[in-house]
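Visitor: coordinates only, sequence not included:
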């Protein structure tokens, strides 16, 4: 392999921020890596222990509520349009977007679902009265999971 090609590869590596590149040309090959042979930094996360029995009970009660919850006879069910984390308010120190018993109009923000670090506002698509809030603040939600029941007015 020509030394000019190797130098050009080194320049491209430095400009792009790529840590390592390997090129094969016929039977010849070259591997160029930045940072030498130092090990990559590791991130340590300290996770507090969870009481398995209480976690299991919570999970079972949540599953029972969602599986036995046919709320269509109470009103229109608003479901999660994506997988993410449910937030009932814009920030922890602010009041929730909506409360049980509140009248809702089309376009009112009901909650936020955080998906891939993006905060997605979920808006009402019907007018009515909020009958039920089916998830808690900070709960993970799945696509299609019931979030709210709104009785049409």
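Guide: That came through fine. No experiment lies behind these values; they were computed from the predicted model shown.

Visitor: what about stretch 106-124, how long is it end to end?
Guide: Criterion Cα to Cα, to the nearest Å; first-to-last residue distance in stretch 106-124 is 5 Å.

Visitor: just the element for residue 14, please.
Guide: Following DSSP states H and E, one finds residue 14 within helix 3-16.

Visitor: what of residue 30?
Guide: In this assignment (DSSP H and E), residue 30 forms part of strand 28-33.

Visitor: who are the packing partners of that strand?
Guide: Secondary-structure packing of strand 28-33 (3 or more Cβ pairs under 8 Å, 6 or more residues apart in numbering; DSSP states H and E): helix 3-16, strand 20-25. Where C-beta positions appear, they are placed from N, C-alpha and C, glycine not excepted.

Visitor: of all those, which lies closest to residue 31?
Guide: Closest to residue 31 of the helices and strands packed on strand 28-33 is strand 20-25 (Cβ to Cβ; 4.3 Å).

Visitor: thinking again about what came up before, out of the helices and strands packed on strand 28-33, which is closest to residue 80?
Guide: helix 3-16 (38.5 Å).

Visitor: would you list every one of the helices in the protein?
Guide: Secondary structure of the chain by DSSP state H: the helices cover 3-16, 52-68.

Visitor: and those, which one is worst for confidence?
Guide: Comparing mean pLDDT over those, the weakest stretch is helix 52-68, at a mean of 46.
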